[in-house]
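S.K.: what shape does this take:
(2 chains)
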Protein chains: 2
Amino acid sequence: MPKVRVYVTLKPSLLDSAGRTVRDSLDKLGFHEVASVRVGKLIELEVEQFSEGRVKEMCDKLLANPVIENYRFEEAE
Amino acid sequence: MPKVRVYVTLKPSLLDSAGRTVRDSLDKLGFHEVASVRVGKLIELEVEQFSEGRVKEMCDKLLANPVIENYRFEEAE
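M.R.: Residues are numbered from 1 along each chain as shown, chains lettered A, B, ... in the order given. Purely as a prediction, here's the structure:
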């Protein structure tokens, strides 16, 4: 069954408070080389048949919030 | 500044209740071709210098929970 990987990320202009928290925690743990962190989602779908149009529709309707998020996807093995 | 993408996924043996909810919602929206959904995290880091060992350490210590999650990472552009 085809697998699709969808990557959802917050738009770059928006403040990512989860990412900021992770960066601060990494800093406290001694990872001072980390300048910034952004946290997004990785959504893996198993579909009966891969259709770019259908996956795009899923992203626009449910998987991502187009107002604040970007997404991209790819078919995987 | 080098970018690193870290992908964190729930181990396949574990029930992914968020993924299940997304699958049910997709089904209700008419996307009956989706057999299963797994929801993971995509963490993007900007680091001063890429070191595989250091990123592995970050994953083991903070970014992933090795008891229930798998991770992989790659340097990006």
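S.K.: where does A:R38 fall, secondary structure wise?
M.R.: Counting by DSSP states H and E, the element that carries A:R38 is strand A:34-47.
S.K.: near chain B, anything from that strand?
M.R.: Yes: Strand A:34-47 lies within reach of chain B by CB under 8 Å from any CB of the partner chain, at A:34-47. The C-beta positions use only the backbone N, C-alpha and C, and glycine is treated the same way.
S.K.: what's the top helix by length along chain A packed up against?
M.R.: As assigned by DSSP state H, the longest helix anywhere in chain A is helix A:17-28. Packing contacts for helix A:17-28, counted by 3 or more CB pairs under 8 Å, 6 or more residues apart in numbering or on different chains; DSSP states H and E, involve strand A:34-47.
S.K.: hey, C-alpha coordinates of stretch A:31-47 in PDB?
M.R.: C-alpha atoms of stretch A:31-47 as PDB (Å, rounded to 0.1, in the frame of the first residue of the first chain):
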ATOM      1  CA  PHE A  31      23.900  22.400  23.400                       C
ATOM      2  CA  HIS A  32      24.900  26.100  22.900                       C
ATOM      3  CA  GLU A  33      25.500  25.600  19.200                       C
ATOM      4  CA  VAL A  34      21.700  25.500  18.500                       C
ATOM      5  CA  ALA A  35      20.600  28.900  17.200                       C
ATOM      6  CA  SER A  36      17.000  28.100  16.600                       C
ATOM      7  CA  VAL A  37      14.400  25.400  16.600                       C
ATOM      8  CA  ARG A  38      11.100  25.000  14.800                       C
ATOM      9  CA  VAL A  39       8.700  22.200  15.600                       C
ATOM     10  CA  GLY A  40       6.400  20.900  13.000                       C
ATOM     11  CA  LYS A  41       4.400  17.700  12.200                       C
ATOM     12  CA  LEU A  42       5.200  14.600  10.200                       C
ATOM     13  CA  ILE A  43       2.100  12.800   9.200                       C
ATOM     14  CA  GLU A  44       2.400   9.400   7.500                       C
ATOM     15  CA  LEU A  45      -0.500   8.100   5.600                       C
ATOM     16  CA  GLU A  46      -1.200   4.700   4.100                       C
ATOM     17  CA  VAL A  47      -3.500   5.100   1.100                       C
END
